[in-house]
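> Sequence plus predicted model, see below.
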Amino acid sequence: MTVLEVPGCPEGSLRVVAYIQEKSPSEIVVKTPDEDCVKVLRLVLPLFGYAVVEVGREGEAHLVKAVKH
């Protein structure tokens, strides 16, 4: 499982998209300090073939876990 720590949006979501296009991991967990970035990732990840399976928090970070279809 790949864990990415990214800044808030828009830079954070752009980094995630670039990473999944390049590496195409089967599972990914994204940590971000920005709650709005979570909202963007929930919309964008399915467009790239990923299902969001978990959204939560770990301390100050927001987490998004997704798996490839």
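Perfect, thanks for sending it. Numbering: from 1, shown residues only.

> any chance you could map the strands in this structure?
Assigned strands in the chain, in chain order: 2-5, 27-32, 50-58, 61-68 (criterion: DSSP state E).

> got the CA coordinates for stretch 23-32 in CSV?
C-alpha atoms of stretch 23-32 as CSV (Å, rounded to 0.1, in the frame of the first residue of the first chain):
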residue,chain,number,x,y,z
LYS,A,23,2.8,4.4,-10.7
SER,A,24,-0.8,3.0,-10.8
PRO,A,25,-0.7,1.5,-7.3
SER,A,26,-3.3,-1.1,-6.4
GLU,A,27,-4.0,0.7,-3.0
ILE,A,28,-3.3,4.3,-2.0
VAL,A,29,-3.7,6.2,1.3
VAL,A,30,-3.5,10.0,1.0
LYS,A,31,-2.8,12.2,4.0
THR,A,32,-3.5,15.9,3.8
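
> Outside of stretch 31-40 itself, list whatever touches it.
Stretch 31-40 is contacted by residues 3-10, 12-13, 41, 55, 58, 60-64 when judged by C-beta atoms under 8 Å, 6 or more residues apart in numbering. Yep, even glycine has a C-beta here, placed from its N, CA and C like the rest.

> re the thing from before, could you identify which of the strands of the chain is most buried?
By mean neighbour count, with neighbours taken as mean count of other C-beta atoms under 10 Å, strand 27-32 ranks first of these at a mean of 20.

> That one pairs with which strands, and in what direction?
strand 2-5 (parallel), strand 61-68 (antiparallel) (DSSP bridges).
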